[in-house]
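Peer 1: Build me a model from this:
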Amino acid sequence: MSERGFGQMTQDDGREPLVYGPLQVQPTTQTVYVHHTWVHLAKKEYQLLAYLLRHQGQVLSRAQLLSDVWHSPATVRTRTVDIHICILRKKLGSAVCLETISGIGYKLQLMDNEGKPC
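Peer 2: The predicted model follows:
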């Protein structure tokens, strides 16, 4: 995938970094940069971000995230998703908007270089 415009992606061989406004993701090394500054993400934080990016603009339930990212039964009641979302918000800052959809889950919206939703 490569940059086509903010929030739009195309498929490629995975060697090119994915650019989403101020957010740059390198899939082969699982590294993330915000405004050209490296941001350390733990393995699960990176996996959650990658999943959210693949489903940007979609409302994702906690159960769906637990099932697809953690491979845990959706019936498990845990704050794991909430905690990881909070960590991503702190680490990525204004590069992304991780919106809480009350009673449902989360939705990722990318921001452009001026901090406006894409």
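Peer 1: What strands line up against the one helix or strand Tyr33 maps to, and which way round?
Peer 2: Using DSSP states H and E, Tyr33 sits in strand 31-34. Strand 31-34 has the following sheet partners, assigned by DSSP bridges: strand 23-26 (antiparallel), strand 37-39 (antiparallel).
Peer 1: Please, where are all the strands along this protein?
Peer 2: Here the chain has its strands, by DSSP state E, at 2-5, 8-10, 18-20, 23-26, 31-34, 37-39, 59-61, 96-101, 105-110.
Peer 1: low pLDDT regions in the chain?
Peer 2: Scanning the chain for pLDDT under 70 picks out 1-14, 74-77, 111-118.
Peer 1: Centre-most residue in it?
Peer 2: Leu49 (2.8 Å; Cα atoms, centre = their mean).
Peer 1: My read is that it contacts Val32, right?
Peer 2: Yes - the pair Leu49 and Val32 qualifies as a contact (Cβ atoms under 8 Å) at a distance of 6.8 Å. Quick note: C-beta positions are derived from backbone N, CA and C, even for glycine.
Peer 1: and the residue nearest to the centre of the chain, how far is that from Ser102?
Peer 2: Leu49 is 22 Å from Ser102, where distance means Cβ to Cβ, to the nearest Å.
Peer 1: Now do the end-to-end distance for stretch 21-35.
Peer 2: 9 Å (Cα to Cα, to the nearest Å).
Peer 1: actually stretch 47-61, sorry about that
Peer 2: Stretch 47-61 has an end-to-end distance of 16 Å (Cα to Cα).
Peer 1: about what we covered before: can you show me the CA trace of the strand holding Tyr33 as CSV?
Peer 2: What follows is strand 31-34, C-alpha atoms only, in CSV (Å, rounded to 0.1, in the frame of the first residue of the first chain):
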residue,chain,number,x,y,z
THR,A,31,7.8,0.7,12.9
VAL,A,32,5.7,3.8,13.2
TYR,A,33,6.6,7.5,12.8
VAL,A,34,4.5,10.6,13.7
